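Q: Sequence and computational prediction follow.
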Amino acid sequence: MGKWHYCLRVSFFWRNFTAQNHQYMNVMPEISRFYGIVITMYNSEHNPPHFHIRYNDYRATMDINTGEINGNLPRRVLNLVYEWFDLHKEELTENWHRMEKGEEIINIKPLD
């Protein structure tokens with residue numbers, strides 16, 4: 001099989017896979033962004049309730065119930081995330097429940 005034939009087969013497979021299985025793919029919508037920090041939640045996620053944090057090459061998750069961080073973030077970023085978390089814990093919990101019901105999650109105000 002030639003190189004181009006292989007590329008066309010892969011392209012055809014991927015296009016059909018994504019079209020037919022779109023509803024099964026994890027989508028991670030952004031719910032807030034501030035100071036280069038991006039906060040996201042997967043649309044089909046596992047317990048405990050948590051959200052994802054991205055900052056440059058750093059990645060972490062935070063448990064919404066306990067505030068426990070799993071991952072690695074610079075101290076300054078960690079402090080900003082905790083400040084934002086303290087202001088928006090109820091909204092994060094509401095978003096988690098909305099996500100569990102298959103409803104659209106809402107954006108949360110960034111840290112000023």
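A: Nice, I can see it.

Q: which regions of the chain sit below the pLDDT cut-off?
A: Under the criterion pLDDT under 70, the flagged ranges of the chain are 1-27, 43-44.

Q: which stretches of it form helices?
A: Applying DSSP state H to the chain gives helices spanning 3-20, 75-100.

Q: Tell me how far the longest one lies from the chain's centre.
A: If I follow you right, that is helix 75-100. When distances are taken as C-alpha atoms, centre = their mean, to the nearest Å, helix 75-100 is centred 12 Å away from the chain's centroid.

Q: How about stretch 50-62?
A: On C-alpha atoms, centre = their mean, the centre of stretch 50-62 falls 8 Å from that of its chain.

Q: Show me what that stretch is in contact with.
A: 28, 31, 36-42, 63-64, 68-74, 77, 81, 85, 92 (C-beta atoms under 8 Å, 6 or more residues apart in numbering). Where you see a C-beta, it was placed from the backbone N, CA and C, and this is true even at glycine.

Q: so of those residues, which ones are in strands?
A: Counted as lying in strands by DSSP state E, out of the contacts of stretch 50-62, are 31, 37-40, 63, 69-71.

Q: Give me the buried subset of those residues.
A: Among those, those classed as buried by neighbour count (16 or more other C-beta atoms under 10 Å) are 31, 37, 39-40, 69.
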